[in-house]
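>>> please work out how this folds:
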Amino acid sequence: MFDIIGDIHGYSDQLVVLLRELGYRKKGGAFCHPDRTVLFLGDYINKGPKIKATLEIVKAMADKGSAIPLMGNHEYNSIWDLFRLENESLPADQSFQWEDSLLAFDNHLNEFRYYVDWFKKLPLFYENDYFRAVHACWDPRHIALLREKLSGKALRGELITGATEWSRALTETLNGKDLNLPENTSIQEAGFASGTRIRTKWWEDPAQMSYKDFSVDPVDLPDIPVDLSGIKDWNFYGEGEKPVFFGHYGRAGFSSIIRHNVCCLDFGMGNGGYLAAYRMDQSLKLSNDNLMYV
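As a prediction, this is how the structure comes out:
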């Protein structure tokens, strides 16, 4: 009996409206439901006007036991940036990702640090008998490694700066899988970063797909078959797997149920879109009737 909610990005007013429409009421300082639990897919901070209020709502629900919040890439970025800030031996030449969030706390770094310390304890994925959930990408090998490495522990410095295998598992779980474009091909599209890599539909098998079809983002790409030589070790999400929910891709324009067992719940709240939820039941086939959004 879960209600799965996508990326909030500091839009607490919309979150309150959605929670109320789902039947949650505030009790003892936290929104609760007599029979159901919220599973948040991450990305609570940055972009929106009420970041602090969003964190207060989500954490209060987590503390009360009425919600399970997963980590998103924006939460991880704040962990990494604060870690770099406090470790002078590490490079600090990149701009911080959490400037909007720090401003929401009136530049009170210690108060924001309190939430960053909480971010470190957030799970990176969730799974039960009926469905799976992750912020950006479910790769079974990555999930197995994360399960082994963390085993309920908080993210620590040695894990953040760890080996390549661990780093790849963490990065792709929270950001998805990228793919190099063919030589002499690059993205030149308004609203998207120019470059030679694309974000991919990791749940699809690219064996019969072009770069254009395999790209998450609606950019102008060559309609030629994907070169499979560089992605032989990828795991694609099979038709027979249990339903998987994720967020992260709100700007891509395909949010919602992608196929019977794949659903993206980032409806672009942080980019002028909507905040979405899926009312999970015990069915192994997803239905548009279970979607709600504000």
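>>> and the strands in the stretch 51-200 of the chain?
Remark: strands assigned in the stretch 51-200 of the chain by DSSP state E, counting those that start in this stretch are 67-69, 125-127, 132-134, 178-180, 197-199.
>>> let's have these in CSV, adding mean neighbour count, mean pLDDT and distance to residue 38.
No exception for glycine: its C-beta is placed from N, CA and C like everyone else's. Rendered in CSV, the data for the strands of the stretch 51-200 of the chain read as follows (neighbours: other Cβ atoms under 10 Å; pLDDT from 0 to 100; distance: least, Cβ to Cβ, whole Å):
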stretch, mean neighbour count, mean pLDDT, distance to residue 38
strand 67-69, 22, 98, 4
strand 125-127, 18, 96, 12
strand 132-134, 25, 98, 11
strand 178-180, 16, 89, 30
strand 197-199, 19, 86, 27
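>>> and for residue 217, the neighbour number?
As a burial measure, the neighbour count of residue 217 was computed by other Cβ atoms under 10 Å and equals 18.
>>> list the residues that contact residue 176.
Under the criterion of Cβ atoms under 8 Å, 6 or more residues apart in numbering, the neighbours of residue 176 are 136, 137, 199, 200, 202, 216, 248, 249.
>>> where in the stretch 101-250 of the chain is pLDDT low?
Along the stretch 101-250 of the chain, the parts satisfying pLDDT under 70 run over 156-163, 186-194.
>>> residues in contact with the residue nearest to residue 261 when sequence neighbours are not counted?
The spatial neighbour of residue 261 that comes closest, neighbours along the chain excluded (Cβ to Cβ, 6 or more residues apart in numbering), is residue 243 at 4.6 Å. Applying Cβ under 8 Å, 6+ apart to residue 243 gives the contacts 130, 131, 132, 260, 261, 262, 263, 284, 285, 286.
>>> again, only this time at 7 Å
The contact partners of residue 243, taken as Cβ atoms under 7 Å, 6 or more residues apart in numbering, are 131, 261, 263, 284, 286.
>>> what residues are up against the first one?
This means residue 131. 242, 243, 244, 245, 280.
>>> ok, 6 Å please
Residues near residue 131 by Cβ atoms under 6 Å, 6 or more residues apart in numbering: 242, 243.
>>> from what I can see residue 10 touches residue 54, true?
Yes - Residue 10 is in contact with residue 54 according to Cβ atoms under 6 Å; the separation is 5.2 Å.
>>> first-to-last residue distance for stretch 38-46?
Start-to-end span of stretch 38-46 (Cα to Cα, to the nearest Å) is 21 Å.
>>> just the buried ones among the contacts of residue 243, please.
Buried by 16 or more other Cβ atoms under 10 Å: 131, 261, 263, 286, out of the contacts of residue 243.
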